[in-house]
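Trainee: Let's see this in three dimensions:
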Amino acid sequence: MTVVISVNLAVPRANPAKKFGVTGIDKRPVSGPVEVKPPGPREAGGRGGLIGDQIFDTLFHGGDDRAVYAYAREDLDVFEAELSRRLPNGTFGENLTILGLDVNAALIGERWQVGDSVVLEVTGPRIPCGTFAYWMPEPGWTKTFVSRALPGPYLKVIEPGFVQAGDAVTVLSRPAHDVTVNVAFRALNLEPELLPKLANLPHLTADLVALLRRRSKRG
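Mentor: Numbers count the residues shown, from 1 in each chain. Predicted coordinates:
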């Protein structure tokens, strides 16, 4: 059974990557139901999709296309073994820690139902930022994270509602292409020869289209 094992909300703290500033990357599990709804476009001030969560770097995080971040408990366990340290749910800044689903095999545009009413759509992979590198902190962390190609997906809210630990996660639909979260991440970060697979993909967000163009020019 695929299930949400924790819903994680931000505990604001000083941003280690910036001399001044606050970050919400420190996510901690909460009890009880949490409301989920579309936050609105990032350009218009939209932040996170979970009520009670906090996002401060709105240039790169939040908004409708990055309303929710999910990560698999199994993938956290991979990094626990590699780093020889405990990684509690929420360590990677994820809102939903999920057990029993290969989230990196999800197709861009795939839809999940979480609990009784919430429907989420996979929009693309997480791209590691400087705050994440400082937050861990591990020598060469960004390189390590990228090389594993286990980024976890961002999702947008299609149907609002409430989520909580113990909710089942069901894959409702999968689009007719083969671009997974893992493939998109590898194309953008590791294997430029895969970039053509992303071209003209109808489900790509504006941010990923812009990144695709930059990576294609670089190649």
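
Trainee: Helices of the chain, residue ranges please.
Mentor: Assigned helices in the chain, in chain order: 73-83, 130-135, 141-148, 181-189, 206-218 (criterion: DSSP state H).

Trainee: how about those helices in TSV, adding mean neighbour count and distance to Val22?
Mentor: Using the backbone N, CA and C atoms, a C-beta is placed for each residue, glycine as well. Formatted as TSV, the helices of the chain follow (neighbours: other Cβ atoms under 10 Å; distance: least, Cβ to Cβ, whole Å):
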stretch	mean neighbour count	distance to Val22
helix 73-83	15	24
helix 130-135	18	10
helix 141-148	15	21
helix 181-189	23	27
helix 206-218	14	22
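
Trainee: quick one, which of those helices is nearest to Leu59?
Mentor: Within the helices of the chain, the stretch nearest Leu59 is helix 206-218; the backing value is 10.7 Å (Cβ to Cβ).

Trainee: average pLDDT for the closest one?
Mentor: Per-residue pLDDT values over helix 206-218 give a mean of 83.

Trainee: quick one: it to helix 181-189, angle?
Mentor: Helix 206-218 runs at 50 degrees relative to helix 181-189, counting by axes from the mean of the first three to the mean of the last three Cα atoms, to 10 degrees.

Trainee: Centre of the chain to helix 206-218, how far?
Mentor: How far helix 206-218 lies from its chain's middle: 19 Å, per Cα atoms, centre = their mean, to the nearest Å.

Trainee: Packing partners of that helix?
Mentor: With contacts defined as 3 or more Cβ pairs under 8 Å, 6 or more residues apart in numbering; DSSP states H and E, helix 206-218 has these neighbours: strand 118-125, helix 181-189.

Trainee: I'd like to check which residues are in contact with Gly90.
Mentor: Gly90 makes contact with 6, 8, 26-29, 97, according to Cβ atoms under 8 Å, 6 or more residues apart in numbering.

Trainee: cutoff 7 Å now
Mentor: 6, 8, 27-29, 97 (Cβ atoms under 7 Å, 6 or more residues apart in numbering).

Trainee: next one: Pro125
Mentor: Applying Cβ under 7 Å, 6+ apart to Pro125 gives the contacts 151, 153, 181, 184-185.

Trainee: in terms of contact, does Val34 touch Gly161 like I think?
Mentor: No - contact criterion Cβ atoms under 7 Å: Val34 and Gly161 do not qualify, at 10.0 Å.
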